[in-house]
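A.B. asks: pasting the structure only:
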């Protein structure tokens, strides 16, 4: 009888000790069993981009040719419109001189911040090879006449200048590969050179450095280069309740304007990149949502050092997620 009482008392002390220890561990989170369901993360991510990334310019054709002009985006990107009477045509190939268009609208979207690129789901990989790109910025140019889409006439081009602090010698212009919905899925081409140049700063005094290129059509462009280092596969494992239904995992490079999303699927908590350049310091970020609860996991690594990382997300607010992406 005394032996049974002694054993029972020992188990009681052990259970109490375990409860006390877990209560004192503030970094341990209990993951309640949860069957992953599709969650809307994009509505949250839509709060990340800066509204100044997009600009629209209007012209009113009154029969007189529009003079050559420079359109300046808030980012400092400059678009040069020249020979405007022979610049555009409609979808049927009919010329649309700017002087005859009563409501010419030219829109320019420029995205260079890594968090903005991720939030907009603009990948920095080639298509179809999946090679990782370092980008000086992604540019989208659109034009309409009285609401009808325009395109550049054969042989016409728009010159563009993209400001950067330290231009490199091997950057080129890639064009977007889009799916049926118009979403950018990768970049191809890279045959148009983006040349390092200087031009007068709009603030006066100093010269602005950057890239200059001639764009032969409208749409999406990426001023970029393929990272030349050997590549490896990097995978990230999350707890079982986090899959591609409710989670996204990113690799954000430091000191290089590169950020990519790792691929996952709805039946697995494993996310991978098969073409990760080796030797770059980077942050690995997982963002997830289960019901009304958001989650963040963040770790640093050097690409190629480990083939797989295990991340444990912690509870976070919507503001935490937005602030983290804006930081990159």
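C.D. replies: Yep, it's here. Fair warning: this is a prediction, and the values are worked out from it, not measured in the lab.

A.B. asks: residue ranges with poor pLDDT in this structure?
C.D. replies: 1-35 (pLDDT under 70).

A.B. asks: show me the helices in it, by range?
C.D. replies: Here the chain has its helices, by DSSP state H, at 2-24, 42-45, 114-119, 318-327.

A.B. asks: what's the domain layout of this structure?
C.D. replies: 51-226, 229-327 (automatic domain parsing).

A.B. asks: now the spatially most central residue of the chain: how far from residue 110?
C.D. replies: Centroid-nearest residue in the chain: residue 117, 1.9 Å away (criterion: C-alpha atoms, centre = their mean). Residue 117 is 11 Å from residue 110, where distance means C-beta to C-beta, to the nearest Å. C-beta: built from backbone N, CA, C; applies to glycine.

A.B. asks: identify the contacts common to these two.
C.D. replies: In terms of C-beta atoms under 8 Å, 6 or more residues apart in numbering, residue 117 and residue 110 are both contacted by the residues residue 138.

A.B. asks: show me the contacts for residue 200.
C.D. replies: Under the criterion of C-beta under 8 Å, 6+ apart, the contact partners of residue 200 comprise 207, 208.

A.B. asks: that one bridge partners, please.
C.D. replies: With DSSP bridges applied, residue 200 shows beta-bridge pairing to residue 207.

A.B. asks: quick check: the gap between it and residue 223.
C.D. replies: Between residue 200 and residue 223 the distance, using C-beta to C-beta, works out to 21 Å.

A.B. asks: same check, this time on residue 194
C.D. replies: The value you get for residue 194 to residue 223, if C-beta to C-beta is used, is 5 Å.

A.B. asks: overlap of the contact sets of these two?
C.D. replies: With the criterion set as C-beta under 8 Å, 6+ apart, the overlap between the contacts of residue 194 and residue 223 is 136, 162, 171, 172, 173, 211, 213.

A.B. asks: would you list the residues you listed in a markdown table and tack on neighbour count?
C.D. replies: Formatted as a markdown table, the entries for those read as follows, by neighbours: other C-beta atoms under 10 Å:
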| residue | neighbour count |
| --- | --- |
| 136 | 20 |
| 162 | 25 |
| 171 | 23 |
| 172 | 18 |
| 173 | 23 |
| 211 | 23 |
| 213 | 22 |
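
A.B. asks: kindly reformat these as a markdown table containing distance to residue 256.
C.D. replies: Rendered in a markdown table, the data for the shared contacts of residue 194 and residue 223 read as follows (distance: C-beta to C-beta, whole Å):
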| residue | distance to residue 256 |
| --- | --- |
| 136 | 11 |
| 162 | 17 |
| 171 | 13 |
| 172 | 17 |
| 173 | 19 |
| 211 | 16 |
| 213 | 21 |
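
A.B. asks: wait, isn't residue 119 in contact with residue 50?
C.D. replies: No - under the criterion of C-beta atoms under 8 Å, residue 119 is not in contact with residue 50, lying 10.2 Å apart.

A.B. asks: quick one on the thing from earlier: which of the domains of the chain sits closest to residue 42?
C.D. replies: Of all the domains of the chain, domain 51-226 sits nearest to residue 42, with 7.7 Å by C-beta to C-beta.

A.B. asks: first-to-last residue distance for the closest one?
C.D. replies: Its first and final residues considered, domain 51-226 spans 29 Å by C-alpha to C-alpha, to the nearest Å.
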